[in-house]
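K.L.:
Any chance you can model this:
(2 chains)
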Amino acid sequence: MADAWTVFFYNVESPAAIDYNMASVLNRSGTEVLKIRRVSVYTTRTNSTAGSMEYYELRRYTSADVFTYSQDTQVVSLANDPKSAAPSAAIYASGYASNLRGTYELLRNVVIFNERITLDTYVAGNPMLPVQSEVPLSVVWDAGYRDANVQPLTLRASEMITLWKAAVGGDGPGLTVCFEFTKE
Amino acid sequence: MAQTWTAYYAGVVFAAGKNMAGILNADAAEILRIRRVGLLNAQTAAVVGVVCQLELRRYTGATLPGGTAITPVSHDTTNVAPATATYSYNSVPAGVSSVLRRVFWSSDEAAVAAGSIDEIETFVPLNIIWDAGYGDANVQALALREDESIIVYNTTGAVGLLDTWIEFTKE
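P.N.:
Residues are numbered from 1 along each chain as shown, chains lettered A, B, ... in the order given. Sure thing, here's the model as predicted:
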């Protein structure tokens, strides 16, 4: 069993502008391999809003370590076992929209219904929000989960997975992104 | 663990009688195994959608000329790509076809204040249309041997865009 971590980006602010890194995992180690097991995206917005559609892309970047981090927000990973030795050179961050480098491949288009959840409003207002906020339904990537024949997405040196704001849509706080990964 | 790829066909325009996403294996030695096939509604522009009817087909004695090629994403950048596979949409599938699934699909865009099938089509877990053998080693995954193809074929409906993803391994 490989050591596993969860990286939780909670209530990330979605900007009005496009080309923005909402949440990412970057492996800068030449010896460690990180394997992305699952990615979930959902809304945790609590403030009042008119609601809007948001559009993102789940991307893998290669040669990604030339990003700079002057404007980013970094979070820490949570080890599933506190005794696990953390990845030596990984960065978990959102931001640095102006420093896009490297080449990317599209893994998924991700559509988000952005409005706050309120009591008793499954039908009125925004009926998809309660559905979207169900954890099992928020999974957008899980290649190889529970199937040892299928490779999970692998991050080698200078490779990064990111949820990228790629199209004009709504903005504001409340996007939550969760990466589950292992280290080998 | 077999080397794995995801072929992602983003924003393909619906048309009647159109191959929306296809993979042809033309290699005599390699076997491609289709692990999962999923559809997504990720279009951003407002359209007046229609009900489309899709078929997931496997062709034997297959060819797949023309169309627009895409490059699948290798799950590990050290993987060695299949030797003679073709990945394309709007190409012309030929051969002997068998239907694996028939799927009805609304081609309208998802809207924030709605709760119809258009919105349900944006959820990845709810729109996997093929996963035989996934997580169960007793069940064969769909195999593509030499000159066999898998095609997501739209029989009717000509409005809107479709995303398709096909996850496959090589042996």
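
K.L.:
Now tell me which helix or strand of the chain has the poorest mean pLDDT.
P.N.:
Just so you know, I chose chain A. helix A:128-132 (a mean of 73; mean pLDDT, DSSP states H and E).

K.L.:
Actually, chain B is the one I wanted.
P.N.:
Here the helix or strand of chain B ranked lowest by mean pLDDT, DSSP H and E is helix B:117-120, holding a mean of 91.

K.L.:
Using CSV, write out every CA atom in it.
P.N.:
Provided in CSV are the C-alpha atoms of helix B:117-120 (Å, rounded to 0.1, in the frame of the first residue of the first chain):
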residue,chain,number,x,y,z
ILE,B,117,-31.3,15.9,-18.1
ASP,B,118,-29.1,18.7,-19.6
GLU,B,119,-27.6,19.4,-16.1
ILE,B,120,-27.4,15.7,-15.1
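
K.L.:
Identify all contacting residues around it.
P.N.:
A:113, A:127-128, A:131, B:41, B:49, B:106, B:108-111, B:126-127 (C-beta atoms under 8 Å, 6 or more residues apart in numbering or on different chains). C-beta coordinates here come from the backbone N, C-alpha and C atoms, glycine included.

K.L.:
Quick check: phi and psi on whichever residue of chain B sits closest to chain A?
P.N.:
Relative to chain A, the nearest point of chain B is B:Gly115 (3.1 Å; C-beta to the nearest C-beta). Main-chain torsions, B:Gly115, degrees, to the nearest 10: phi -140, psi 50.

K.L.:
And it, what's its pLDDT?
P.N.:
Looking at B:Gly115, its pLDDT reads 81.

K.L.:
what's the neighbour count on it?
P.N.:
19 (other C-beta atoms under 10 Å in any protein chain shown).

K.L.:
So it sits against A:Phe113, correct?
P.N.:
No - the criterion here is C-beta atoms under 8 Å, and B:Gly115 misses it with A:Phe113 at 9.7 Å.

K.L.:
Can you check which residues contact both of those two?
P.N.:
Common neighbours of B:Gly115 and A:Phe113 (C-beta under 8 Å, 6+ apart) are A:Met128.

K.L.:
now for the helix or strand where A:Thr182 lies, which elements pack on it?
P.N.:
Under the criterion of DSSP states H and E, A:Thr182 resides in strand A:172-183. Contacts defined by 3 or more C-beta pairs under 8 Å, 6 or more residues apart in numbering or on different chains; DSSP states H and E place strand A:172-183 against strand A:3-14, strand A:20-27, strand A:34-43, strand A:103-114.
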